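In: return a 3D structure for these sequence lines:
(one chain, ligands or ions: 1)
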Amino acid sequence: MHRFAVLAKQTAASPGCKGPPCRNGRRDVALRCIASLVKGKQHQQRFTQRTCPGRERLVRWNSAAKASAVKINEKTSREKILTLESMNPQVKAVEYAVRGPIVLKAGEIEKELRKGIKKPFTEVIKANIGDAHAMGQQPITFLRQVVALCTYPNLLDSPSFPEDSKKRARRILQGCGGNSLGSYSASQGVNCIREDVAAYIERRDGGVPADPDNIYLTTGASDGIATILKILVSGGGKSRTGVMIPIPQYPLYSAAISELDAIQVNYYLDEENCWALDVNELRRSLNEAKAYCNPKVLCIINPGNPTGQVQSRKCIEDVIHFAWEEQLFLLADEVYQDNIYSEECQFHSFKKVLYEMGPEYYSNVELASFHSTSKGYMGECGYRGGYMEVINLHPEIKGQLVKLLSVRLCPPVSGQAAMDIVVNPPVPGEESYAQFIKEKESVLDNLAQKAKLTEDMFNKVPGIHCNPLQGAMYAFPRIFIPSKAIEAAKAHKMAPDLFYCMKLLEETGICVVPGSGFGQREGSYHFRMTILPPVEKLKIVLEKVKDFHIQFLEEYA
Ligand SMILES: Cc1ncc(COP(=O)(O)O)c(C=O)c1O
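Out: Now for the predicted structure:
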C-alpha cells in the first residue's frame, strides 16, 4: 500500500498518532509524501465523511509537508546550467519578427477574448504570416488525394479516388523504402521525386536542362537556405563571410546569419522605384562591406517578401553579371514563383536567365535556388516540403552537402510527396486536370484581385503609401508616423512602427508585422500585412486600418 495511504489509515485509526515521519525533517520522506498529496486528498474526503478525529492532524500534516518541500527545494535547487548568460549568444541574437512580440500579444488577446474579456473587436485577425490555409484557403484536391493515398495505401482500392491520383501515389510509394511514407528516404530526397522536380524545372525554363543529381528535397525552403548558408560561412575577423541580403528582407535571412555568426551585409531596395534592385546599390554595399568582412554570398528574393516586387529580366541579368564579376555565390529565393499578379510582370528564374547569358556564366556562377510547397496556389506550409537546385557546386562540396543533410536523415517524406504534386500536377487529358486547373486559377485570380484591392485601398488613406503588389502575398505600405507618436513610442521603449502595430492590434484586433522586423531605411516606417484573408474579410481589415490610421494621425497631430 502507498506510504501515505498507510499513514493516513494509521492517523484515522489512532487519534493519538504522532503523525507521519516527515515531521522529523527527512527530505526523502517529505518528498515522497508530497508526491502522494493527491492520494491524500482522497483520504481526507473519506475522513471528513466519517468525521474522523485524525482529520485535523492530517490537514496540518499536509501543509507541513508542503512547507518543508518548499524549503527543501530552496536548499537543493542549484543554479541552472543553461541561462540567458550562458546560452549560445548567436541563438540569443536571433530575431524573427514574423512570429515576434506582436504575435505573442495577439495570442494573449485571443486568450482574453476566449475568457469573455470585452474588447472593441470580437476576433484577432492574424494578417502577420503568409499561411494561406490558416486564412481559410482550401487545399488543392489532387494534392491531398495523392498524399492521402500515399499515407494510407489501402485507399488505392477505393473507387472514390481518380485513377491519375492513384498512379501518382503508386509511383511515389514505389520510390519510398518499403512502399511506405513512414520510412526514411535518401537524405537528398526520394529519387523519383527529384526526377520530377528536374523535369518541372526544365519545363518551367523552356528546356534548360536540370539534373536530378543537383536537386535536394528540403524541409520547406527555410531548411535549404539555412543549410546552404551553413556550408558557406567561414573565417574569422575581417575574413568572416559576409552575406548580402535585401533590405527589407524576409527575416529568415538575418536570423540564419545571426545564428551562424556571419556578417549581414545590407543592400537597400529602391522604394521610390517599386522596390527595384539597383546594381549600383549592390556595388556600394559590397565595396563598403569589403572593409570589414569577406562578402561571398548574394541573396535575392524574387518575387519579394515583404516588398512584393517582381524583378525584370534585365535586372536579373545585371545581378548575375555582378555576381560573376565579383565572384559571389548566388542564392535565389523563388518560393513565390507562382504568385505573380501584375500583367506587366513575368517570373524569370535565375537559372534560366543564367543559361541564356551564355557558357561563361552558366559554367561558372554558383547558384542555389529554392522553391516550396508553402506558397504559390497550394499554400501547404504545414507539409514542410521544398527543394533546392544547386548548380556549379564543387564536387567535393556536393559530398559535404549530402553529409550535412544525412546527419538529419531526411526531410519529411509526406512533404516530399506534396512537393511532387506541385511539380507534377495533372496534365491535359488526365481525369483530374479540369478540377485542378479550376482550383489553381481560382486561388491565383483571387489573390490577384486582393493584391489590387489592397494597393488601391491603402493608397486612398492619407499618410499611407503602398507600392504595387506585383507578386508574393503581402503589402508593405509606408506609413507616416507623426513626431508626437515617435516620442510616445520612445517613452514605451518601442520602435515607432512597433508602437503603431501594437496600437493597431489592441484597438482593432488586426495583427500585422512592423517594418523594423524586416529592415527599412532609417526614418521610414512600414508594416507588412498578408493579403490572404478572404475578400470580404480583407475589405473589413483594410477599412479598419484606414479608420485606425486616420485616428492615429489625429491623436498624435
Ligand atoms: C521569401 C521566403 N523564403 C522562404 C520562406 C520559407 O518557406 P518554407 O515554408 O518553405 O520554409 C518564406 C516563408 O514565408 C519566404 O517568404
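
In: residue contacts, the closest residue to the ligand within the chain?
Out: Relative to the ligand, the nearest point of the chain is G220 (2.6 Å; Cβ to the nearest ligand atom). Every C-beta, even on glycine, is put in place using the N, C-alpha and C of the backbone. Each residue near G220 by Cβ atoms under 8 Å, 6 or more residues apart in numbering is listed here: S372, T373, S374, C381, R384, G385, G386, G415.

In: need the pLDDT of the nearest residue to the last one once chain neighbours are set aside.
Out: Across the structure, with Cβ to Cβ, 6 or more residues apart in numbering as the measure, the residue nearest G415 apart from its sequence neighbours is G385 (3.5 Å). What the model reports as pLDDT for G385 is 97.

In: what kind of secondary structure is the closest residue to E281 other than its chain neighbours in?
Out: Once flanking residues are discounted, E281 sits nearest to Y267: 5.3 Å by Cβ to Cβ, 6+ apart. Judged by DSSP: H, G, I helix; E, B strand; the rest coil, the three-state class of Y267 is strand.

In: chain center to stretch 249-262: distance?
Out: 13 Å (Cα atoms, centre = their mean, to the nearest Å).

In: repeat that for stretch 93-106.
Out: 11 Å.

In: what residues sit buried inside stretch 341-350?
Out: Y341, S342, C345, F347, H348, S349, F350 (16 or more other Cβ atoms under 10 Å).

In: equivalent analysis for stretch 192-200, please.
Out: Those buried within stretch 192-200 under the rule 16+ other Cβ under 10 Å are C192, I193, R194, E195, D196, V197, A198, Y200.

In: need the residues that contact that stretch.
Out: By Cβ under 8 Å, 6+ apart, stretch 192-200 touches 171-172, 174-175, 188, 210-217, 387, 389, 416-417, 419-420, 422-424.

In: would you mind listing what in the stretch 51-200 of the chain touches the ligand?
Out: G130 (Cβ under 6 Å from any ligand atom).

In: got it, and the chain?
Out: 130, 220-222, 250, 252, 301, 305, 333, 335, 372, 374, 381, 386.

In: thinking again about what came up before, for the residue of the chain closest to the ligand, phi and psi?
Out: Phi and psi for G220, reported as degrees, to the nearest 10, are phi 70, psi 170.

In: for the record, mean pLDDT for stretch 285-295?
Out: In the prediction, stretch 285-295 has an average pLDDT of 97.

In: what about it, distance to the chain center?
Out: That offset, for stretch 285-295, works out to 29 Å (Cα atoms, centre = their mean).

In: how about the CA coordinates for that stretch, as PDB?
Out: Output in PDB follows, covering the C-alpha atoms of stretch 285-295 (Å, rounded to 0.1, in the frame of the first residue of the first chain):
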ATOM      1  CA  SER A 285      27.100  47.700 -50.300                       C
ATOM      2  CA  LEU A 286      29.700  45.200 -51.400                       C
ATOM      3  CA  ASN A 287      32.500  47.800 -51.500                       C
ATOM      4  CA  GLU A 288      31.700  49.000 -48.000                       C
ATOM      5  CA  ALA A 289      31.500  45.500 -46.700                       C
ATOM      6  CA  LYS A 290      34.900  44.500 -48.000                       C
ATOM      7  CA  ALA A 291      36.400  46.800 -45.400                       C
ATOM      8  CA  TYR A 292      35.100  44.600 -42.500                       C
ATOM      9  CA  CYS A 293      34.300  41.100 -43.900                       C
ATOM     10  CA  ASN A 294      34.600  38.800 -46.800                       C
ATOM     11  CA  PRO A 295      31.400  39.200 -48.800                       C
END
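
In: for it, give me every contacting residue.
Out: Counting by Cβ under 8 Å, 6+ apart, residues outside stretch 285-295 touching it are 235, 238-244, 263, 265-268, 326, 328.

In: swap in 7 Å and give it another go.
Out: Contacts to stretch 285-295, defined as Cβ atoms under 7 Å, 6 or more residues apart in numbering, come from residues 235, 238-242, 244, 263, 265-267, 326, 328.

In: the residues you listed in helices, which ones?
Out: When DSSP state H defines the helices, the subset of the contacts of stretch 285-295 inside them is E326.

In: now, of the contacts of stretch 285-295, which are buried?
Out: R240, T241, G242, M244, I263, V265, N266, Y267, E326, L328.

In: isn't the third one up against I263?
Out: This points to G242. Yes. G242 is within contact range of I263, at 4.3 Å (criterion: Cβ atoms under 7 Å).

In: strands of the chain, start to end?
Out: 125-126, 215-219, 241-247, 263-268, 294-301, 329-333, 367-372, 385-391, 464-465, 474-475, 478-479, 510-511, 513-514, 527-530 (DSSP state E).

In: residue contacts, M378?
Out: By Cβ under 7 Å, 6+ apart, the neighbours of M378 are I140, L143, V422.

In: per the record, what domains does the protein have?
Out: As given by automatic domain parsing, the domain ranges for the chain are 3-76, 97-136+436-555, 139-183, 184-423.

In: pick the most buried one from those.
Out: Looking across the domains of the chain with neighbours counted as mean count of other Cβ atoms under 10 Å, the highest average goes to domain 184-423: a mean of 20.

In: partners of the residue nearest to G415 in the sheet?
Out: T219 (DSSP bridges).

In: okay, C176 and T218: tell me how far apart.
Out: Separation of C176 from T218 (Cβ to Cβ, to the nearest Å): 17 Å.

In: of all the strands of the chain, which lies closest to G100?
Out: With distances scored as Cβ to Cβ, the stretch of the strands of the chain nearest to G100 is strand 513-514 (7.3 Å).

In: what does that closest one contact?
Out: A97, V98, I102, N128, A495, D497, L498, C501, F527, R528.

In: who's in contact with stretch 434-450?
Out: With Cβ under 7 Å, 6+ apart, stretch 434-450 has contacts from 137, 140-142, 339, 341, 377, 425-426, 473, 531, 535, 538.

In: ok, longest helix in this structure?
Out: The chain, longest helix under DSSP H: helix 433-459.

In: any idea how far it is from the chain center?
Out: Using Cα atoms, centre = their mean, the offset of helix 433-459 from its chain centre is 22 Å.

In: check contacts around F370.
Out: Per Cβ under 7 Å, 6+ apart, neighbours of F370: A221, G224, I225, D333, E334, V335, G386, M388.

In: equivalent analysis for E202, please.
Out: For E202, counting by Cβ under 7 Å, 6+ apart, the contacting residues are V208, P209, A210.

In: I'd say E281 and Y268 touch.
Out: Yes. E281 lies in contact with Y268 (Cβ under 7 Å); the separation is 5.8 Å.

In: tell me the pLDDT at N24?
Out: According to the model, N24 scores 37 on pLDDT.

In: where do the helices sit along the stretch 251-400 of the chain?
Out: 252-259, 279-289, 313-326, 350-356, 359-362, 395-407 (DSSP state H, counting those that start in this stretch).

In: and S158, how far from Q145?
Out: 10 Å.

In: again, but for R528
Out: R528 is 34 Å from Q145, by Cβ to Cβ.

In: kindly report the same for E366.
Out: For E366 relative to Q145 (Cβ to Cβ), the value is 39 Å.

In: can you map out the helices along the stretch 101-250 of the chain?
Out: Using DSSP H, counting those that start in this stretch, helices in the stretch 101-250 of the chain cover 101-114, 141-151, 163-175, 191-204, 220-232.

In: got CSV for the ones you listed, with distance to S77 and mean pLDDT too?
Out: Putting those into CSV (distance: least, Cβ to Cβ, whole Å; pLDDT from 0 to 100) gives the following:
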stretch, distance to S77, mean pLDDT
helix 101-114, 28, 92
helix 141-151, 46, 97
helix 163-175, 52, 96
helix 191-204, 50, 97
helix 220-232, 36, 96
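
In: could you dump the ones you listed into CSV and include distance to S516?
Out: Shown next, in CSV, are the helices of the stretch 101-250 of the chain (distance: least, Cβ to Cβ, whole Å):
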stretch, distance to S516
helix 101-114, 11
helix 141-151, 36
helix 163-175, 43
helix 191-204, 35
helix 220-232, 21
